[in-house]
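>>> 3D model of this:
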Amino acid sequence: MSRALIAAVALLFAHESPAQSTVVFSGVSVIPMDREEVLANQTVIVENGRITHVGAARQAPAGALSVDGRGKFLVPAIAEFHAHVPSGSQAVHAHRTLTLYAMAGVATARGMLGAPLHLALRDSIARGQLLGPRLLTSGPSFNNNTATSPGAVMAMVREQKAAGYDLLKIHPGVPRIAFDSLAATANRLRIPFAGHVPLEIGLDVALTSRYSTIDHLDGLVEAMYAGPQPLTPQVNGFFGLGIVRQLDQSRFDAVVRRVRASGVAMVPTQILMDNYASDATGDALTALPEFRYWVPQQVAAWRTNKNGLVSQPPAPADQRAEFIALRRRFVKALHEAGVPFLLGSDAPQLWNVPGFSAHRELGALVAAGLTPYQALRTGTVNVARFMGEEGRSGIVRTGARADLILLDANPLQDIANTLTIQGVMLNGRWIGPAERERLLNALANP
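Numbers count the residues shown, from 1 in each chain. Prediction:
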């Protein structure tokens, strides 16, 4: 696809998104996220995409848009660090996807299966021509079909770096001989790589080769495998579900120590695993309110898929429960050890509606033992630090980027309150209740 055609497709999704130059939130309770505190009765002023005042009431600048924040809670917008944006034959759904991220208060999304179209979408969003989260994007993935030799992967790395992708995506099936060349070339060219840990690579090689993030906690369960058979994809099952009863539990602490020492960040996508391994039916999962905004045909397919898993489970119920318990134990132990965690839910994948599933992931992290404040940090402060923006995004503070969510209830008391969204602000553009409802209704009733 030519660059001109890519740009033309991106512009098909574009629409005017005027941003008020100044917005004032008055009487609002602020959760700044650089500390666990609620600041009551605050005035927050946003000018030209930046927060210029947080504190006592003061006179609003002339022409400012006033938002009554009494009884509301203002928090930083969140990130979705294992996102997907449709492309190819599914590109028609890209606009819906980006809009849903925005309406759910996702201000930054890291696309983990990229295509040339995404470069144009990323740039259109950055120029204010397209409503959506600030977009980071990988290139097409390295997998068993593309990473066939050292020469092939070195060429792919150079091409994706030259094209302007933000990172490289690793999928299962990459052979060790190709991976070593991939990692060496990527590190030399200073383009990060992230994603799955192929079985032939294993956790220790992934950690020492300087993965940017390991997604899905991939490779951690496998690092404890002590079964008699060679570890193949068929034996391993869904992220280790097949081997959960063939593990050497004495290795758990050593795995945690090695991950901590490496400095590699984790993107658990725990909600995907919880949904997969649970006994919840497809009807129950897709009855959540946000599913009315997603593509009806895909919702129906997801429903059928999960109902099939319930009728023919991939493992006995107690084995699936052990799998989730082990993953939650890893989340808790790694977090307590100081391993960086970044919020990601793998949307839109099975049972995950873009934007909203990031909030479901927050709930999954709390179910694993994090406090609501700790869970929120994975999508705010931690992401800012990871991106080299500490103090400049992911917080409510003077000088920070104005990516915000206005909530009806306090998320520090109940993490489910992150979904009580009154309005969102992306890079200084306020989308209040009426506009947000109009945009969502347009998706529910196309």
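>>> how's this protein carved up into domains?
The chain breaks down into these domains under automatic domain parsing: 21-76+402-427, 78-386.
>>> Include mean neighbour count, mean pLDDT and distance to residue 442 when you put the ones you listed into TSV, please.
From N, CA and C alone the C-beta is placed, and that goes for glycine too. Written out in TSV, the entries for these read as follows (neighbours: other C-beta atoms under 10 Å; pLDDT from 0 to 100; distance: least, C-beta to C-beta, whole Å):
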stretch	mean neighbour count	mean pLDDT	distance to residue 442
domain 21-76+402-427	18	96	16
domain 78-386	20	97	9
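>>> now those in CSV, with distance to residue 435?
Below are the domains of the chain laid out as CSV (distance: least, C-beta to C-beta, whole Å):
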stretch, distance to residue 435
domain 21-76+402-427, 8
domain 78-386, 10
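>>> Of all these, which one comes closest to residue 445?
Among the domains of the chain, domain 78-386 comes nearest to residue 445, with 9.0 Å by C-beta to C-beta.
>>> Just the terminal-to-terminal distance for the closest one.
Terminal residues of domain 78-386 are spaced 14 Å apart (C-alpha to C-alpha, to the nearest Å).
>>> so how far is it from its chain's centroid?
8 Å (C-alpha atoms, centre = their mean, to the nearest Å).
>>> Could you look up the SS state of the residue nearest to the spatial centre of the chain?
For the chain, the residue nearest the mean C-alpha position is residue 80 (2.3 Å; C-alpha atoms, centre = their mean). What DSSP: H, G, I helix; E, B strand; the rest coil gives for residue 80 is strand.
>>> Provide a list of residues in contact with it.
Taking C-beta atoms under 8 Å, 6 or more residues apart in numbering, we find residue 80 in contact with 101, 106, 108-110, 133, 343-345, 347, 354-355, 357-358, 379.
>>> ditto for residue 269
Contacts of residue 269 (C-beta under 8 Å, 6+ apart): 82, 215, 216, 344, 345, 346, 361.
>>> So for it, what's the nearest residue that isn't a sequence neighbour?
Take residue 269 and drop its neighbours on the chain: the residue closest to it by C-beta to C-beta, 6 or more residues apart in numbering is residue 346, 4.4 Å away.
>>> picking up where we left off before, got CSV for the contacts of residue 269, with secondary structure and distance to residue 173 too?
Shown next, in CSV, are the contacts of residue 269 (DSSP: H, G, I helix; E, B strand; the rest coil; distance: C-beta to C-beta, whole Å):
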residue, secondary structure, distance to residue 173
82, strand, 19
215, strand, 15
216, coil, 15
344, coil, 21
345, coil, 23
346, coil, 18
361, helix, 26
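>>> The residue nearest to residue 226 when sequence neighbours are not counted and residue 255: what is the separation?
Distances taken as C-beta to C-beta, 6+ apart put residue 248 closest to residue 226, at 4.0 Å, once the chain neighbours are dropped. According to C-beta to C-beta, to the nearest Å, residue 248 and residue 255 sit 10 Å apart.
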